[in-house]
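Undergrad: sequence plus predicted model, see below.
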Amino acid sequence: MKFGHAFKEALAADSYPSHWVDKAVPYRQLKKILGKVQEELINNGYDPEKLHQLLAEHNAEYRLESDDSHNLRPKLLVRPSLHNLSIENATETGSVANSSAPSSPDAAEPPPSDGLSLPDQEQQEKQQPLQAQDTEWVDVPLDADVRFFAILQTDVSELDTLQDKERQTMTGEIHDIGIEISQVARPRRSMIDFSKSDLYRWREILELYLAAEVFFSTNEVSGGARNSERARKQLVWFQDEVNKRDLPQKFKIKASAVAFQHFLSLNATLLQNLQFQELNQTAITKIIKKFDKRTSLGVKKTFPKVMHSAHFISDAISRDICAQLSRDVISLVPQVVDYTCIVCLSICWLPIRLDCSHLFCIRCMIKMQNRNKRYCPLCRADVIQRANESTKSTHPLNYCRRVIFTDRTSPAHIDMKLVRYLEEWFPKETKEKQKYNEIERRKELLGDTYVDNQQQPPCVVM
């Protein structure tokens, strides 16, 4: 199937908004104009094979330049003698009816100057850069290619404007979704409020979304922005995992279900936008490739450079939106992985902030001190033995006694602000870690004689 037909079917099949379709690349129109570009070049005596040879020998150059109004102005420059020769050849074959070749034979080839013979002058021209000899070259007048690039540039600019508008719209939607989720996924204030919170449901949903890496991957092997096909597969995987765990059915608040549908709708819109962008980028690439194939003018490399200001060509909208999504939505529900002790790989409770600013849970810090460790596992600073739980004591941590922390007497190395934050956002995890720490402390005190009541078998007599 030819790309023009496939492009038209793709625009109709994916239910794109009508104002998107109106701004799509006019591929068929450009293809028709391209036929006139080729015809105009041949009429001037420059068929693709000849142009390829002239460009390879640096006897011709095709430029895409911007004028003061930032409009593209293509130019075909050739050596005067070669241009006149082409006109004569085209006239002999009947290709040109009215040639613009000069009537004077002296104009066919510039006379030697500065006392140089003709061979010496030609050698000097070869050694000089092309830009320095612009006044000695002929600008071949072409109309069709001016129309071709005028339409293409206008369309790319309109697509760029459309992308900016869609980005602004989605940014506003992300802000609104962030407000919705913040209302239903807030941390508990009391046991009554906690029963009305969907904090843990949303944490699990967003954790799956981060694992899916729908639009952007941080993988070392395949990192970077996803293409639309891979993004679609990752989004389907995310939705399947959410449904497998029945998370939407577990919502305690009706507004959570509404917010979740808005979240899915935003991702679907972003995926559709990415597909539309890729489709038009492919159309631009195809028509430029076809232009080079029919004319041998080699604009494949120069066109993206002159259109460098067009974000539609160089940037993926998904990258900016994903950054906004992460900042305004996902960060609203902190993940436990961001507050994990690197030693025990569980929540960092109670968090000890060393003099080097690195964090560890208090149990791991005590164990390191008991083993006479001195250096931070992360930066190797000599700070382990200086850590303590009292503002006055300079002795190492001694957690054999129960310590009650208050706002008035904050310990020197225990980060009390983080303690309150973890209690607020991770009530289940902190409670489990406190229980685990208490069991570890009793084992240290009682040794092998300690028996955990929960690990005892049930009484068979009673």
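TA: Done, it's in. Numbers count the residues shown, from 1 in each chain.
Undergrad: can you give me the strands in this protein?
TA: With DSSP state E as the criterion, the chain has strands at 60-66, 72-78, 138-140, 216-217, 224-225, 351-353, 359-361.
Undergrad: those strands: lowest mean pLDDT?
TA: If you rank those by mean pLDDT, strand 224-225 sits at the bottom with a mean of 78.
Undergrad: which elements pack onto that one?
TA: strand 216-217 (3 or more Cβ pairs under 8 Å, 6 or more residues apart in numbering; DSSP states H and E). C-beta here means a position set from N, CA and C on the backbone, and glycine is covered the same way.
Undergrad: helices and strands around the strand it packs on, which ones?
TA: Counting contacts by 3+ Cβ pairs under 8 Å, 6+ apart, strand 216-217 packs against strand 224-225, helix 317-328.
Undergrad: returning to what we had before: can you list the strands of the chain in JSON lines and add distance to Lys250 and mean neighbour count?
TA: Compiled in JSON lines, the strands of the chain are given as follows (distance: least, Cβ to Cβ, whole Å; neighbours: other Cβ atoms under 10 Å):
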{"stretch": "strand 60-66", "distance to Lys250": "58", "mean neighbour count": "17"}
{"stretch": "strand 72-78", "distance to Lys250": "57", "mean neighbour count": "19"}
{"stretch": "strand 138-140", "distance to Lys250": "72", "mean neighbour count": "17"}
{"stretch": "strand 216-217", "distance to Lys250": "28", "mean neighbour count": "18"}
{"stretch": "strand 224-225", "distance to Lys250": "33", "mean neighbour count": "14"}
{"stretch": "strand 351-353", "distance to Lys250": "30", "mean neighbour count": "22"}
{"stretch": "strand 359-361", "distance to Lys250": "30", "mean neighbour count": "22"}
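Undergrad: tell me which of those strands sits nearest to His175.
TA: The closest of those to His175 is strand 216-217. By Cβ to Cβ, the value is 19.7 Å.
Undergrad: chain center to the closest one: distance?
TA: 7 Å (Cα atoms, centre = their mean, to the nearest Å).
Undergrad: that strand pairs with which strands, parallel or anti?
TA: strand 224-225 (antiparallel) (DSSP bridges).
Undergrad: any idea how far the partner strand is from the chain center?
TA: 5 Å.
Undergrad: for Lys300, find the nearest of the strands of the chain.
TA: Closest among the strands of the chain, using Cβ to Cβ: strand 60-66, at 11.2 Å.
Undergrad: helices or strands up against that closest one?
TA: helix 48-56, strand 72-78, helix 302-306.
Undergrad: quick one: contacts of that strand?
TA: Identification of contacts with strand 60-66 by Cβ atoms under 8 Å, 6 or more residues apart in numbering yields 51, 54-55, 72-79, 82, 130, 137, 149, 297-299, 302-303, 306.
Undergrad: roughly how far apart are Gln261 and Ile205?
TA: If you measure Gln261 against Ile205 using Cβ to Cβ, to the nearest Å, the figure is 12 Å.
Undergrad: neighbour count winner among the two?
TA: Set side by side, Gln261 and Ile205 show more neighbours around Ile205, with 24 against 11, by other Cβ atoms under 10 Å.
Undergrad: now for the most centrally placed residue in the chain: which residues touch it?
TA: Closest to where the C-alpha atoms of the chain average out (Cα atoms, centre = their mean) is Arg319, at 2.7 Å. By Cβ under 8 Å, 6+ apart, Arg319 lies in contact with Phe215, Phe216, Ala225.
Undergrad: and which of these is nearest to Leu345?
TA: Closest to Leu345, out of all of the contacts of Arg319 and judged by Cβ to Cβ, is Phe216, at 25.8 Å.
Undergrad: what sits against that closest one?
TA: Phe216 sits next to Gly224, Ala225, Arg226, Ser318, Arg319, Cys322 when contact means Cβ under 8 Å, 6+ apart.
Undergrad: excluding chain neighbours, what is closest to the first one?
TA: In space, and not counting its chain neighbours, Gly224 is closest to Ser217: 6.4 Å by Cβ to Cβ, 6 or more residues apart in numbering.
Undergrad: tell me how far the one you found lies from Cys322.
TA: For Ser217, the distance to Cys322 - Cβ to Cβ - is 10 Å.
Undergrad: burial count for Phe196?
TA: One thing to correct before we go on: residue 196 is Lys, not Phe. 12.
Undergrad: quick one: it and Ile253 touch, right?
TA: Yes: between Lys196 and Ile253 there is a contact under Cβ atoms under 8 Å: 6.3 Å.
Undergrad: what touches both of those two?
TA: If you check Lys196 and Ile253 against Cβ under 8 Å, 6+ apart, no residue is contacted by both.
Undergrad: any weak-confidence spans in the stretch 51-200 of the chain?
TA: By pLDDT under 70, the weakly predicted segments of the stretch 51-200 of the chain are 81-135, 188-195.
Undergrad: mind jotting down where the helices sit in it?
TA: 80-92, 118-127, 144-184, 191-194, 199-212 (DSSP state H, counting those that start in this stretch).
Undergrad: quick one: list the elements packing against the third one.
TA: Spelled out, it's helix 144-184. Helices and strands touching helix 144-184, by 3+ Cβ pairs under 8 Å, 6+ apart, are helix 27-43, strand 72-78, helix 254-295, helix 311-314, helix 317-328.
Undergrad: so which of these gets nearest Leu422?
TA: Comparing these against Leu422 with Cβ to Cβ, the closest turns out to be helix 317-328 (21.4 Å).
Undergrad: and the angle for that closest one with helix 144-184?
TA: Orientation of helix 317-328 against helix 144-184 (axes from the mean of the first three to the mean of the last three Cα atoms, to 10 degrees) gives an angle of 20 degrees.
Undergrad: check contacts around Asn71.
TA: Ala150, Gln153.
Undergrad: how near is Leu77 to Val299?
TA: 14 Å.
Undergrad: do the same with Lys75
TA: Going from Lys75 to Val299 by Cβ to Cβ gives 12 Å.
Undergrad: that older thread, to Phe426, which of the strands of the chain lies closest?
TA: That would be, of the strands of the chain and by Cβ to Cβ, strand 351-353, which comes in at 11.6 Å.
Undergrad: what residues does that closest one touch?
TA: Surrounding strand 351-353, the residues in contact under the criterion Cβ under 8 Å, 6+ apart are 339, 359-362, 365, 387, 397, 413-415, 418-419, 422.
Undergrad: again, but for stretch 147-164
TA: Residues contacting stretch 147-164 (Cβ under 8 Å, 6+ apart): 19-20, 23-26, 29-30, 33-34, 37, 64, 71-72, 74, 273, 277, 280, 284, 287, 291, 307, 310-313, 317.
Undergrad: pull the distance from it to the chain's centre.
TA: That offset, for stretch 147-164, works out to 22 Å (Cα atoms, centre = their mean).
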